[in-house]
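Fold the stuff below for me.
(one chain, ligands or ions: 1)
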Amino acid sequence: MGARKIIIDTDPGQDDAVAILLALASPEEIEVMGLTAVAGNVPLSLTARNARIVCELAGRPDVAVHAGCDRPLGRRLVTAEHVHGETGLNGPVLPDPTMPLQQEHGVDFIIRALREQEPGTVTLCPLGPLTNIAMALVKAPDIADRIAEIVLMGGAYFEVGNITPAAEFNIYVDPQAADIVFKSGAPITVMPLDVTHKALVTRQRNDAFRAIGTPVGTAVAEMTDFFERFDKEKYASEGAPLHDPCVTAYLIRPDLFTGRHVNVEIETCSELTIGMTVADWWGVTDRAPNAMFMGDVDADGFFDLLTERLARL
Ligand SMILES: [Ca+2]
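Here you go, the predicted model:
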């Protein structure tokens, strides 16, 4: 089996950066067709810049980076500088990117890539709010049947919310977009907080990144050091959750994750619970399953994979 063709849709974000690095370090399993930036953790001008910084850090200035949507479909943009810092990539000192941003809009790139490739061969990997993916589905409904799989980080069930008591950040920022994606009929695999809150960067795991001894290893250690300060205080946990790399790790080692194929619907109306991922984990409705909703990860296996692969860059 050849490498899976993927498009990473992203709002870097330190954990997005690690997810991208893991993908670029794994050419046997993953062929990165391009990156599309979206507004999320920080505004679009910064996420489009950060995506290029990460490609250059990986020694891959040839990767096509496209800017996508600069705001959610129907709501005011909410960002997360309080977690990720003013630039979104606070922690390491990294040079300004010199590689170009592509002229083509990220949404048009997604549509074109899905139409040009054989149906069922392109996987979308959203790591931020789902605005670009939803826009592509609205603009070109024919692509829904051509998507191999959407593997996304977002939502929560048992862990409930991290930006409001009921909602996870990516889904909360653009619940209308999430609603479109979950109703699209495309095969969906979800890495919710239930999984990512088990992928904690402990001191020992952070030391392992640093011990790689390369610019990538050092940068990843400094990135995870940075957001750890916020998360350790918030959750009183032994380390910060490394959310987005669960998506790219799944493409390499799906056996590290377990979950249930269930119905997931998005709350789009209630101001109290907007952005909540209502997952029918216990099968108490007759609503048809539309997503593989993950619930657990082999965290040691995940960090072993991450450290081994990052050392290649
Ligand atoms: Ca992200």
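
What is the least confident helix or strand in the chain by mean pLDDT packed up against?
Scoring the helices and strands of the chain by mean pLDDT, DSSP states H and E places helix 215-235 at the bottom, with a mean of 84. Counting contacts by 3 or more Cβ pairs under 8 Å, 6 or more residues apart in numbering; DSSP states H and E, helix 215-235 is packed against helix 14-24, helix 44-57, helix 81-84, helix 203-211, strand 240-241, helix 299-310. (Glycine included, C-beta is placed from N, CA and C.)

at 6 Å instead, please
Here helix 215-235 touches helix 14-24, helix 203-211, strand 240-241, going by 3 or more Cβ pairs under 6 Å, 6 or more residues apart in numbering; DSSP states H and E.

Deepest-packed of these, please.
Among the helices and strands packed on helix 215-235, helix 14-24 has the highest mean neighbour count (mean count of other Cβ atoms under 10 Å), at a mean of 28.

near the ion at all, that helix?
Yes: judged by Cβ under 5 Å from the ion, helix 14-24 comes into contact with the ion through Asp16.

which bits of the stretch 1-150 of the chain sit near the ion?
Asp11, Gly13, Asp16, Leu127, Gly128.

what residue ranges in the chain are flagged as low confidence?
1, 230-237 (pLDDT under 70).

In it, which residue is most central in space?
Nearest residue to the geometric centre of the chain (Cα atoms, centre = their mean): Leu127, 1.8 Å.

which residues touch that one?
When contacts are counted by Cβ atoms under 6 Å, 6 or more residues apart in numbering, Leu127 touches Thr10, Asp16, Ala19, Met153, Asp244.

burial count for Arg76?
Arg76 sits with 7 neighbouring residues when counted by other Cβ atoms under 10 Å.

I'd like the distance between Leu114 and Lys5.
Distance, Leu114 to Lys5, by Cβ to Cβ, to the nearest Å: 10 Å.

Please apply the same query to Phe257.
Phe257 is 21 Å from Lys5, by Cβ to Cβ.

just Arg49 next, same as before
When Arg49 is compared with Lys5 (using Cβ to Cβ), they lie 25 Å apart.

So between the two, which is more surrounded?
Higher neighbour count among Arg49 and Lys5: Arg49, with 21 against 17, using other Cβ under 10 Å.

need the contact list for the residue nearest to the more buried one when sequence neighbours are not counted.
Leaving out its chain neighbours, the residue that sits closest to Arg49 by Cβ to Cβ, 6 or more residues apart in numbering is Pro97, at 6.2 Å. With contact taken as Cβ under 6 Å, 6+ apart, Pro97 is in contact with Arg52, Ile53, Glu56.

if you set the cut-off to 8 Å instead, what comes out?
Residues in contact with Pro97, defined by Cβ atoms under 8 Å, 6 or more residues apart in numbering, are Arg49, Arg52, Ile53, Cys55, Glu56.

Doesn't Arg115 belong to a helix?
Yes: counting by DSSP: H, G, I helix; E, B strand; the rest coil, Arg115 is found in a helix.

The closest residue to Asn90 other than its chain neighbours and Leu89, how far apart?
The shortest distance from Asn90 to any non-neighbouring residue, by Cβ to Cβ, 6+ apart, is to Phe226 (5.2 Å). As judged by Cβ to Cβ, Phe226 and Leu89 stand 9 Å apart.
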